[in-house]
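# I'll drop the sequence and a predicted model, then ask my questions.
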Amino acid sequence: MMNETKIRAYLEKEKLDAFFIAKRVNVRFASGWTGDDSFILLTKEGLYFLTDPRYTEQAEQEVPDYEIINWRLPGRTVGDTVARLADEHNLKSIAFEADYLTYDMYDDFQQKVKAELVLAGGVIDKMRAVKSPQEIAYMRNACEISCRAFNRILKDIRVGMTEKELAAKLSLYMVQEGADTQPYGNILISGARTSLLHGIPSEKAVEYGDFVLMDFGCQFNGYMSDMTRTVVVGKATEKQREVYEYEKRSLEASEAVMKAGVPVRDVYRASLEPLKDTEYIPYTYGNIGHSIGLFVHELPYLAEQYDDVLVEGNVMTIEPGIYIPDWGGVRIEDQVLITKDGYENMISIPHDLIEL
Ligand SMILES: [Mn+2]
């Protein structure tokens, strides 16, 4: 059993009979299941794990408390199995992830399932916002792995290496340092391309004087790290130094206000303070961080438009940036655990400019 009790508490409170869970990270959060393509129907008394023959053996090992059901029979859909379970257990209402279910699946459920389908988008996602000590420990580990990989990649960054080659090496280093498997879509871009907020590593070779921006992370037992550092190949110019310095102040100003009880809006506003009399405000982006866990971008976010307040046990990334089109950008990103009085930074690499 993992977090089923939290979901049952929600059913109790909302007077619902069951929750159908399809989003992969929510299935993992609920049950601990590490595989793919599987669904959970959780009722007040029952735990049903809907999977197919590729996964039945793994399911017996990983989710032993569940009744494991092969839904993939000829001509059958997940909706058929859910409809049968709903009838057998007299379920009147089933909550589902309205922000995730495909239209096809919803349509199929509507035709076959007699229980009322209740919109519950984002519900389990919100349950994931406060991390347990074990989840925090996993993320500390993921961050340490990333930091070790960062120290290794610095030795490889030199004129002539392409962004793709370096990105591949960085991924390899994280796996060698203990990450789960292939890390997720890492950003490693250089030169003027560093103004692309989510630039994809290209065939561009690193040149002397380039910024190299690395926004990357890995998973440890499914839990993610996410960090960014921007370095200069060779000696930084005056302008590079200036932009870097403002970016560093922006990051540190926002980190300085982070603690439980602080509105996310205030963290965002603090990031702009050091820039307010400069030309750089138009080159910032309105979302400077996100929660992280089993998924890289979780709730809450750090931006003006959200009413969320930080609470103890949130794990947040904090990543303001300055992005100047056709010139380049600087981003520094930490991953922090929110505590009663402040935060613990899980990223041990200093914020100072590194010249290679
Ligand atoms: Mn991030």
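Looks like it arrived, so ask away. None of the values given here were measured: they were computed from a predicted structure. Residues are numbered from 1 along each chain as shown.

# measure the one residue sitting closest to the centre of the chain to residue 19 for me?
With distances taken as Cα atoms, centre = their mean, residue 296 lies nearest the centre of the chain, 1.0 Å away. Separation of residue 296 from residue 19 (Cβ to Cβ, to the nearest Å): 24 Å. In short, each C-beta sits where N, CA and C put it, glycine included.

# pretty sure residue 25 contacts residue 295?
Yes: using Cβ atoms under 8 Å, residue 25 makes contact with residue 295 at a distance of 4.7 Å.

# now do the contacts for the residue in the stretch 101-250 of the chain positioned nearest to the ion.
Closest residue of the stretch 101-250 of the chain to the ion, Cβ to the ion: residue 226 (4.2 Å). Listed by Cβ atoms under 8 Å, 6 or more residues apart in numbering, the contact partners of residue 226 are 215-217, 292, 296, 317, 333, 335.

# out of those, who's near the ion?
residue 317 (Cβ under 5 Å from the ion).

# dump the contacts of residue 226 into TSV; add pLDDT and secondary structure as well.
Output for these, formatted as TSV (pLDDT from 0 to 100; DSSP: H, G, I helix; E, B strand; the rest coil):
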residue	pLDDT	secondary structure
215	97	strand
216	97	strand
217	96	coil
292	97	coil
296	90	coil
317	98	strand
333	98	strand
335	98	strand
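
# excluding chain neighbours, give the residue nearest to the residue of the stretch 101-250 of the chain closest to the ion in space.
Closest residue to residue 226 apart from its sequence neighbours, by Cβ to Cβ, 6 or more residues apart in numbering: residue 217 at 4.1 Å.

# separation between the residue lying farthest from the centre of the chain and residue 113?
Within the chain, the residue lying farthest from the chain centre (Cα atoms, centre = their mean) is residue 88, at 37.4 Å. Residue 88 sits at a distance of 12 Å from residue 113 (criterion: Cβ to Cβ).

# same question, residue 212
Per Cβ to Cβ, residue 212 is found 52 Å from residue 113.

# which one's more surrounded, those two?
residue 212 (24 against 21; other Cβ atoms under 10 Å).

# touching the helix or strand harbouring residue 290 from outside, list them.
Assigned by DSSP states H and E, residue 290 belongs to strand 287-291. If you take Cβ under 8 Å, 6+ apart as the criterion, strand 287-291 is touched by 129, 254, 267-268, 271, 296-303, 314-321, 333.

# so what pLDDT did the residue farthest from the centre of the chain get?
Here, the pLDDT recorded for residue 88 equals 97.

# measure it to residue 161 for me?
To residue 161, residue 88 is 60 Å away according to Cβ to Cβ.

# ditto for residue 192
Applying Cβ to Cβ to residue 192 and residue 161 gives a distance of 17 Å.

# thinking again about what came up before, wait, the residue nearest to the centre of the chain sits on residue 224?
Yes: at 5.4 Å, residue 296 counts as touching residue 224 under the criterion of Cβ under 8 Å.

# any shared contact partners between the two?
Contacts common to residue 296 and residue 224, judged by Cβ under 8 Å, 6+ apart, are 184, 217.

# and the host helix or strand of residue 244, anywhere near the ion?
Taking DSSP H and E as the criterion, residue 244 maps to helix 238-256. No: using Cβ under 5 Å from the ion, helix 238-256 never reaches the ion; the gap is at least 12.4 Å.
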